[in-house]
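Visitor: with the sequence up front, the predicted model follows.
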Amino acid sequence: MSEEEKQEETKEEKPQEEEVAPEDSGDTAEVEVPEKFATIVSEIEKLSVLDMHELVKLFEKKFDVSAVVAAAPADGASEGGGDDGGLVTVTLDDAGANKIQVIKVVKELTGLGLKEAKDFVESAPKPVKEGIQKEEADEIVSKLEEAGAKASVA
C-alpha cells in the first residue's frame, strides 16, 4: 500500500505543477505585437541576454534616450489632492571629482546595476528621478552633493 500512496501523491502533485506553468507562460503570450514590429521582435527573441543589453545601450546612445524605469509615486502621492504642481525632476549635472561615491549613490537611488550606474554618471547631465515631490528631491540632491556631485531640481 505504501507504493500506491506514493503514486497517488505523485499524481496529485503533477496537476498542481501543470496549473502553475501555463500562468507563467501566459504572461508573455498576452503581449500583442503589432504587425509592423513582428519581424523585429522575432529577431530580438533570437538574441542572447548580453546581445539584448548591448542593443539597448546602442539605442540609448543612438537616440539619446534612457531605459531607466521611473520610480513609482509614494503611497499618498497618487491619492489626495491631484496637485501635479509640486512634482519636480532631479538632474545629475556633474559627477565631480569623487565619481565612485556618486556611482554608489546613483546605483542606490535608481536600482541600476554597477555598470549601468557608471554609464549613467558618465553621461551626465541626466535626470535621476522625475515626477517626485520637492521634499524627496531635496533629499536626493543632498545625497548626491554629499558624494561630491552637482545636482539640480527643476
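Guide: In hand now; what should we look at? Numbers count the residues shown, from 1 in each chain.

Visitor: which parts of this structure are strands?
Guide: 87-94, 126-133, 150-153 (DSSP state E).

Visitor: show me what the first one is packed up against.
Guide: Contact here means 3 or more C-beta pairs under 8 Å, 6 or more residues apart in numbering; DSSP states H and E; on that basis strand 87-94 packs against strand 126-133, helix 134-146, strand 150-153. To be clear about C-beta, it is placed using only N, CA and C from the backbone, and glycine gets the same treatment.

Visitor: re the thing from before, redo the strands of the chain as a markdown table? Include distance to residue 50, mean neighbour count and mean pLDDT.
Guide: Below are those laid out as a markdown table (distance: least, C-beta to C-beta, whole Å; neighbours: other C-beta atoms under 10 Å; pLDDT from 0 to 100):
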| stretch | distance to residue 50 | mean neighbour count | mean pLDDT |
| --- | --- | --- | --- |
| strand 87-94 | 27 | 18 | 90 |
| strand 126-133 | 24 | 17 | 89 |
| strand 150-153 | 32 | 17 | 90 |
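
Visitor: reformat those as TSV; add distance to residue 100.
Guide: Conversion of the strands of the chain to TSV gives the following (distance: least, C-beta to C-beta, whole Å):
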stretch	distance to residue 100
strand 87-94	15
strand 126-133	17
strand 150-153	16
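
Visitor: out of the ones you listed, which comes closest to residue 44?
Guide: Among those, the nearest to residue 44 by C-beta to C-beta is strand 126-133 (25.5 Å).

Visitor: neighbouring strands - and their directions - for that closest one?
Guide: Here strand 126-133 has these sheet partners by DSSP bridges: strand 87-94 (antiparallel).

Visitor: just the CA atoms of the partner strand, as PDB, please.
Guide: Extracted in PDB, the C-alpha atoms of strand 87-94 (Å, rounded to 0.1, in the frame of the first residue of the first chain):
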ATOM      1  CA  LEU A  87       6.300  67.400  -8.800                       C
ATOM      2  CA  VAL A  88       9.900  68.100  -9.800                       C
ATOM      3  CA  THR A  89      12.900  66.400 -11.500                       C
ATOM      4  CA  VAL A  90      16.300  65.800 -10.000                       C
ATOM      5  CA  THR A  91      19.100  66.100 -12.600                       C
ATOM      6  CA  LEU A  92      22.700  65.000 -12.100                       C
ATOM      7  CA  ASP A  93      24.600  67.900 -13.600                       C
ATOM      8  CA  ASP A  94      28.200  66.700 -12.900                       C
END
